[in-house]
Each structure stands twice: as C-alpha cells, then as structure tokens.
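sequence unavailable; structure follows:
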C-alpha cells in the first residue's frame, strides 16, 4: 500500500451546518496559508471552482461503512458508498463546485460550499467548459431524490 501525505493549503471558515438550511444560500471563506498567495494568481478570472477538502468532523466509524441507502432513505436501494455523494466513505474527502465571489490575496469568498468550519482545504481547481458534460446517466433513485427527469 502506498502511503499518502497531504498538507492542508488552508482552512475553511463557514457557518455551514447540514441541519441549517441550504448550502447554496450561504457564503464561506477559504483562507490559504500566505505562502500559497501567488499560487492563486488568476483564479479570480473564473466564476466557479472545485473545492476539495477533508471532512475533519466525520465520525471515524463512517469510514468502515461500504453500503448505504442514499441520503439515509430506506426507500432507496442499498448501494456502495462510492456510488453516492454521502459523507460515509473510506477517505473523507469532500468535493464541491462553488461560485467564486471574490479574491483578496490569500482569501477566497465562495458561495455554495458544504464544508464545516475548520475543514482543511486539500486543493482547488478551476471549473471550466471542459467540465460540462452532456448526456450523463444517473440511477433511477437519483432522479427520485433530485426530482429531475433526464
């Protein structure tokens, strides 16, 4: 097995709480270590970015769960955790596409981040037209949850 070491690039400052409303309504701050300030140069030209973060408040017991009902709903099929966007997963890495509202030096203000306050930032990447895919396929249970059709 390969050992992987990650160093946080910074930390999230957020009021997000999954029990309080919609993640898309709130703002969060991504505060990077000042040594990464120049690594952010040009990011402000994008409207959206991917944020990868460590779900540091995740109960460690959730890392050993391999099957789940999506969204905890018993009326949905039992599937592997890697076939869901849930928090139970072997490596608690969060991924969210967010709106980039503003950059000030080593600080980004974003909208739509579902990371808790203090979450370590692992990486960010710009979201661009190469990321938009047409004709995607999703399971029937996803359509039930999202109330979208095709």
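Now that the structure is in, tell me what you want to look at. Small disclaimer: the values here were computed from a predicted structure and weren't measured.

next secondary structure after whichever strand in the chain runs longest?
Under DSSP state E, the strand in the chain containing the largest number of residues is strand 93-104. Scanning forward in sequence from strand 93-104 by DSSP states H and E, the next helix or strand is strand 107-111.

residues of that following strand that come out buried?
Neighbour counts over strand 107-111 (16 or more other Cβ atoms under 10 Å) mark 107-110 as buried. For glycine as for every other residue, the C-beta is placed from the backbone atoms N, C-alpha and C.

downstream of it, the next helix or strand is which one?
Criterion used, DSSP H and E; the element after strand 107-111 is strand 120-126.

how far off centre is that next one?
The chain centroid and the centroid of strand 120-126 are separated by 9 Å, computed with Cα atoms, centre = their mean, to the nearest Å.

the protein: strands as residue ranges?
10-14, 27-32, 48-54, 67-68, 79-80, 93-104, 107-111, 120-126.

for residue 144, find the nearest of these.
strand 79-80 (13.0 Å; Cβ to Cβ).

what pairs with that closest one, and is each one parallel or antiparallel?
Strand 79-80 sits in its sheet next to strand 67-68 (antiparallel), going by DSSP bridges.

contacts for the strand it pairs with, please.
78-81, 84, 86, 88 (Cβ atoms under 8 Å, 6 or more residues apart in numbering).

average pLDDT for that strand?
On average, the pLDDT along strand 67-68 is 94.

figure out how far that strand is from the centre of its chain.
Centre to centre, stretch against its chain (Cα atoms, centre = their mean), the figure for strand 67-68 is 20 Å.

same check, this time on stretch 4-12
The answer for stretch 4-12 is 14 Å, by Cα atoms, centre = their mean.
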